[in-house]
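# Sequence and predicted structure are below.
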Number of protein chains: 2
Amino acid sequence: MKWRRILAIAMLASLVPAMSTQAADPLPSWNDGPAKMAIIEFVMTTIDTGSPRFVPPQERIAAFDNDGTLWAEQPMYFQLLFALDRVKALAPQHPEWEEKEPFASLLKGDVKGALAGGERAILEIVMASHTGMTTEEFAQTVQAWITSAKHPKTGRLYTEMVYQPMLELLAYLRANGFKPFIVSGGGIEFMRPWVEKVYGIPPEQVIGSSIKTRFEMRDDKPVLVRLPELDFIDDKEGKPVGIQRQIGRRPIAAFGNSDGDLQMLQWTAAGTGRSLCLYVHHTDAEREWAYDRTSPIGRLDKGLEEAKTKGWTVVDMKNDWKRIFAWGP
Amino acid sequence: MKWRRILAIAMLASLVPAMSTQAADPLPSWNDGPAKMAIIEFVMTTIDTGSPRFVPPQERIAAFDNDGTLWAEQPMYFQLLFALDRVKALAPQHPEWEEKEPFASLLKGDVKGALAGGERAILEIVMASHTGMTTEEFAQTVQAWITSAKHPKTGRLYTEMVYQPMLELLAYLRANGFKPFIVSGGGIEFMRPWVEKVYGIPPEQVIGSSIKTRFEMRDDKPVLVRLPELDFIDDKEGKPVGIQRQIGRRPIAAFGNSDGDLQMLQWTAAGTGRSLCLYVHHTDAEREWAYDRTSPIGRLDKGLEEAKTKGWTVVDMKNDWKRIFAWGP
């Protein structure tokens, strides 16, 4: 019903001819359907100076979650895989880890055992692998890993695990004057070294979780040292806080895939004008992974309910996406 | 000597003809001299694709202090004047203030007495006036004040207390692909409501001191509530930290006026390529204010030494600026 209504509006607005010409299709990896139509209808009214819903370019802020929204997040967050690799690489400098959990299990190859300690174990692994060096050293380490490490299931570089339809969406929004920001629970400095090349999003448009840093002079040269102390968790209620802190204005479009993105979508939806709130729903066990309400990673439960109630757009990956990865079927 | 060398380089690079044509002068309120020449020479080599010092547009990050660099800061920081006005406006809701310092002195008109309590008194005044409301309510309060309150000495709106030469510099940098950020010790949300209109700098390019906020649902509507708890002080060692946190890459140009900007200039100067570090030196008691090494506000002491040692550019306001304010002599 809703889909038919949107289609009717779109046809009235002469959007369909533009979509049916293959050359003009801005989202070629998206099947024609309600999700694609909602995006195009939103963008075209936003940029239409004759529309009461016109939004000036400087206010066209779009917020994107990263894990599970722009790239995959299974079998576990890629940043955690990075942290595990770093612990292994750093082990020779830490003989005490042989006896100390969660490191001991991890170094024996028992990842599950290492992570059994829950959030506390993860935090210890993250702190051991992400702090104690300068910001520049950390960026170099991330850069070296991201250009060489391979995904355990697909054998692809992690930067090849990005969703082709979302790359097209980013390009489409940018072409229409939108400024996309990443708003991720992942570490801000874990993303910055590669997102500009992969997504076209510059470091200053990345919001994420962070640890504290300290300014120091070393041999008359200033450095920023990464401290083993959390500064900010950019998840759930933290996402609107991070958006306000770093952007200072409300997005008009927000894209997520889990309950961790719910408050960001609520915050976006509560703006004065019209907004686009979109959930990517992982429904394709064959080409990617299928998970939602009970998944420990990327749980989408409350968000799915609220999306129904509020009429937000939900992307059914299996049916809405012609192609998931650039290299995939 | 240095000035002559720069002039010689500039002449070789045919910069001088461009400067001497009045129509082409990008900095008409700047007298021809070493400061103006250093800026133009830096910009022209930065954008020159044939130069070994060429910098691609996305890396042309420029950091500007605000108080004393883009607008005036005497007889005290304008944000403090805002806070004092707010305390007076809020006094009827706080009968307890009549007996409680620093409010009691302030409400009797004794500003000096109120501020005698030093940092602690200032913090109390700031917290009382800046927290307890939503981010939107605070933005509206700032907006109402900045469009009506007048400077105690000049009788001008505070937004008229901006330096015309710096507005020209901002426009010149923007015209050459630079992205200017404000990096101020002042409150981030005190600046955001007006800097886009006054400086052309959007809210997402503002870095400043901040208090913590909390996401809350009020009548099914999400709000961010401003809490009486400091989150970040964007001053001295905090400036490079704030730059890394919000921009995630190093500026190639930095502009300040006090020792509070020194670490930002050091951080900028320590980049791999060439950089422009510039201090505005308040030397004009007649048209503005003259102060430096011993001033409680905007002290410039160590910075002035380091500028000499490192060969940074120092703007002598009295001699380098033809005009200070758009409305002034």
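That came in fine, so what should we check first?

# for residue A:71, which residues make a bridge with it?
Going by DSSP bridges, residue A:71 is paired in beta bridges with residue A:67, residue A:162.

# same question, residue A:255
Beta bridges link residue A:255 to residue A:64, residue A:278 when assigned by DSSP bridges.

# I'd say it and residue A:68 touch.
No. Taking contacts as CB atoms under 8 Å, residue A:255 lies outside contact range of residue A:68: 10.6 Å. For the C-beta atoms, the positions are set from N, CA and C on the backbone; glycine is no exception.

# So between those two, which is more surrounded?
Neighbour count, other CB atoms under 10 Å in any protein chain shown: between residue A:255 and residue A:68, residue A:255 has more, with 29 against 26.

# can you pull the contacts of the more buried one?
A:62, A:63, A:64, A:65, A:69, A:166, A:169, A:261, A:278, A:279, A:280 (CB atoms under 8 Å, 6 or more residues apart in numbering or on different chains).

# which of those residues sit farthest apart?
Greatest spatial distance among those (CB to CB): A:169 and A:261, at 15.5 Å.

# From the contact counts, what lies against the host helix or strand of residue A:309?
Assessed by DSSP states H and E, residue A:309 sits inside helix A:302-310. In terms of contacts (3 or more CB pairs under 8 Å, 6 or more residues apart in numbering or on different chains; DSSP states H and E), helix A:302-310 is packed against helix A:262-269, strand A:276-281, strand A:313-316.

# average pLDDT across the second one?
Averaging pLDDT along strand A:276-281 gives 98.

# What residues does the stretch 51-200 of chain A have near chain B?
Contact residues, the stretch 51-200 of chain A versus chain B (CB under 8 Å from any CB of the partner chain): A:58, A:61, A:135, A:179, A:181, A:188, A:189, A:192, A:196.

# farthest-separated two in these?
A:58 and A:135, at 29.5 Å, using CB to CB across these.

# which residues touch stretch A:70-81?
When contacts are defined by CB under 8 Å, 6+ apart, stretch A:70-81 is touched by residues A:64, A:67, A:122, A:125-126, A:149, A:151-153, A:158-159, A:161-163, A:166, A:170, A:182, A:186-187, A:190, A:199, A:288-289, A:291, A:297-298.

# Can you classify residue A:229 by secondary structure?
Under DSSP: H, G, I helix; E, B strand; the rest coil, the three-state class of residue A:229 is strand.

# before we move on, back to that, could you export the helices and strands packed on helix A:302-310 to JSON lines, including columns for mean neighbour count?
As requested, those are exported to JSON lines (neighbours: other CB atoms under 10 Å in any protein chain shown):
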{"stretch": "helix A:262-269", "mean neighbour count": "25"}
{"stretch": "strand A:276-281", "mean neighbour count": "25"}
{"stretch": "strand A:313-316", "mean neighbour count": "21"}
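
# Can you add distance to residue A:107 and give those back as CSV?
Formatted as CSV, these follow (distance: least, CB to CB, whole Å):
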stretch, distance to residue A:107
helix A:262-269, 37
strand A:276-281, 35
strand A:313-316, 40
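
# where along chain A do the helices fall?
A:2-12, A:15-20, A:34-46, A:78-90, A:103-107, A:111-115, A:118-130, A:135-146, A:164-175, A:188-199, A:238-246, A:262-269, A:302-310, A:317-320 (DSSP state H).

# Output the third one as PDB, nothing but the C-alphas.
Pointing back at helix A:34-46 there. These are the backbone C-alpha positions of helix A:34-46, laid out as PDB (Å, rounded to 0.1, in the frame of the first residue of the first chain):
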ATOM      1  CA  PRO A  34      10.100   0.900  -2.300                       C
ATOM      2  CA  ALA A  35      13.600   1.500  -0.800                       C
ATOM      3  CA  LYS A  36      15.200   2.800  -3.900                       C
ATOM      4  CA  MET A  37      12.100   4.900  -4.700                       C
ATOM      5  CA  ALA A  38      12.000   6.400  -1.200                       C
ATOM      6  CA  ILE A  39      15.700   7.400  -1.600                       C
ATOM      7  CA  ILE A  40      15.200   9.000  -5.000                       C
ATOM      8  CA  GLU A  41      12.000  10.700  -4.100                       C
ATOM      9  CA  PHE A  42      13.600  12.100  -0.900                       C
ATOM     10  CA  VAL A  43      16.700  13.400  -2.800                       C
ATOM     11  CA  MET A  44      14.700  14.900  -5.700                       C
ATOM     12  CA  THR A  45      12.300  16.800  -3.400                       C
ATOM     13  CA  THR A  46      15.200  18.000  -1.200                       C
END
